[in-house]
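A.B. asks: all I have is the shape, not the residue letters:
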Ligand SMILES: Nc1nc2c(ncn2[C@@H]2O[C@H](COP(=O)(O)OP(=O)(O)OP(=O)(O)O)[C@@H](O)[C@H]2O)c(=O)[nH]1
Ligand SMILES: [Mg+2]
């Protein structure tokens, strides 16, 4: 497990999103001129745009997602002399591919493989919002949970135990009141830690209580890993294939699965963290 971050350059960092530039461009995001790529995800109305503005100021560009009518904002910021590209994903309650917004957010996380994803959640609706966090953790464990609206929560007598939340999820959870700019520094620090030392975190993966489903997912995930060494999220791919996800089925049929889901640096040093049986 590496705890000493090395500067991320395209040549030195095998797992950085920049090595995935072709896929990023296909998704309509040009990462050139940046060292790291950060996605901003979250349920609608949790303060994503407020966080986005607090991080990027006026340095942002607004357009559409490639071939879609859905708005896309991207911008940049610098932190500790590294240039981060920030991509605002559409607000969604899930990633189950039941709407164009969900497709866009999901495809960006799976195929764009950002270095880190900040998931903005509403401190007054944590239970609802953690559903999306758990779904995202199935795809990538390079996650920071930005618990926004803590000022609003306080007014309702709600306090959040961030250390406990972070321990339970296996990734950093930081408190924010983005409208006042509170918590931005903590967010930046957590984004940097996850982006530079992703292997230091052990994001929670859901294990299915249905044994037959769990067996099928594990079996298929193993086959996928054999077929595509370096695949970053074999359990997620397995689950989607079992569900009959047309995009992934097409990728398998056309032999493109490797291009979409594999790490260019080859197999990662860690295995997918598993939970004990519930
Ligand atoms: N009290 C309080 N209000 C906030 C905070 N952050 C955002 N808001 C307010 O919450 C509302 C929604 O914020 P947005 O930033 O537009 O949320 P969003 O997630 O981008 O919303 P959609 O793009 O519509 O999904 C706005 O009225 C913000 O001013 C905060 O930290 N505290
Ligand atoms: Mg918004």
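C.D. replies: That came through, no problem. Quick caveat, the model's predicted, so the values are computed rather than measured. Ligands and ions are numbered 1, 2, ... in the order given.
A.B. asks: now whatever residue of the stretch 151-278 of the chain ends up closest to ligand 2: how far from residue 135?
C.D. replies: Relative to ligand 2, the nearest point of the stretch 151-278 of the chain is residue 178 (11.4 Å; Cβ to the ion). The way it works is simple: take the backbone N, C-alpha and C, and place the C-beta from them, glycine included. Separation of residue 178 from residue 135 (Cβ to Cβ, to the nearest Å): 22 Å.
A.B. asks: who has more neighbours, those two?
C.D. replies: Per other Cβ atoms under 10 Å, whichever of residue 178 and residue 135 has more neighbours is residue 178, with 25 against 22.
A.B. asks: tell me which element the residue in the stretch 51-200 of the chain that ligand 1 sits nearest to falls in.
C.D. replies: Residue nearest to ligand 1 within the stretch 51-200 of the chain: residue 91 (3.1 Å; Cβ to the nearest ligand atom). In the assignment (DSSP states H and E), residue 91 maps to no helix and no strand.
A.B. asks: what about the residue lying closest to it once chain neighbours are set aside, neighbour count?
C.D. replies: Nearest residue to residue 91 in three dimensions, chain neighbours excluded: residue 44, at 3.5 Å (Cβ to Cβ, 6 or more residues apart in numbering). Residue 44: 11 surrounding residues under other Cβ under 10 Å.
A.B. asks: look up how far ligand 2 lies from residue 44.
C.D. replies: 8 Å (Cβ to the ion, to the nearest Å).
A.B. asks: residue 174 and residue 187 touch, don't they?
C.D. replies: Yes - between residue 174 and residue 187 a contact is recorded at 5.3 Å, counting by Cβ atoms under 8 Å.
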